[in-house]
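*Asks:* A structural model of the following input is requested.
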Amino acid sequence: MSAEIKLKYNWRRLPNDPETLFHGDDGDRRMGRVQKAVTGEYWLWFMNFQHGINDPKVAVTLNGGAETGRQAAAACERCYEAVLDATWPGMTPALRDRLLAHEKEMKDRKEQWAREDAMRRRQSLRVVS
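*Replies:* Next up is the predicted model:
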């Protein structure tokens, strides 16, 4: 990705990903993905913080294309911030709050699963001992 555009969030390539696929993170939240198109000379961006948006008129606007990877990442960041600000077309404060609540519920659920797995492992060690 070229350096002329300043990006706000952490964009990186995961270890087993191709050199044309980048993930954007806002802290522990995966907020976007950018990848080079399979055909053509452009990059695609996908704003990932959209779970629970069921209106296709809104959902289809949460991705797009750009000439460079950095431009695509910048477009994804603008979309993400507009979703959080509830200024993206079709986004309302109520819908944004539903997204945030769903995210919290999923994190809580994963933490609960991790606690249950740890408890099962401890119990299985007691049985073996």
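*Asks:* Can you report how many residues neighbour Glu105?
*Replies:* 10 (other Cβ atoms under 10 Å). No exception for glycine: its C-beta is placed from N, CA and C like everyone else's.
*Asks:* So which elements touch the one helix or strand it maps to?
*Replies:* Counting by DSSP states H and E, the element that carries Glu105 is helix 93-128. With contacts defined as 3 or more Cβ pairs under 8 Å, 6 or more residues apart in numbering; DSSP states H and E, the secondary structure elements packing on helix 93-128 are helix 69-85.
*Asks:* Okay, buried residues for the helix it packs on please.
*Replies:* 69-77, 79-84 (16 or more other Cβ atoms under 10 Å).
*Asks:* Which single one of those residues is nearest to Thr61?
*Replies:* For those, the residue nearest Thr61 by Cβ to Cβ is Cys79; the value is 7.9 Å.
*Asks:* my read: that closest one touches Pro89, true?
*Replies:* No - contact criterion Cβ atoms under 8 Å: Cys79 and Pro89 do not qualify, at 10.1 Å.
*Asks:* Please enumerate the shared neighbours of those two.
*Replies:* By Cβ atoms under 8 Å, 6 or more residues apart in numbering, Cys79 and Pro89 have these common neighbours: Thr61.
*Asks:* lowest-pLDDT helix or strand in this protein?
*Replies:* Lowest mean confidence among the helices and strands of the chain (mean pLDDT, DSSP states H and E): helix 56-59, at a mean of 83.
*Asks:* What does Asn10 show for phi and psi?
*Replies:* Dihedral angles of Asn10 (phi, psi; degrees, to the nearest 10) stand at phi -80, psi 110.
*Asks:* which residues pair with it across the strands?
*Replies:* Asn10 forms beta bridges with Asp25, as assigned by DSSP bridges.
*Asks:* Can you get me the start-to-end distance on stretch 52-66?
*Replies:* Taking Cα to Cα, to the nearest Å, stretch 52-66 runs 26 Å from one end to the other.
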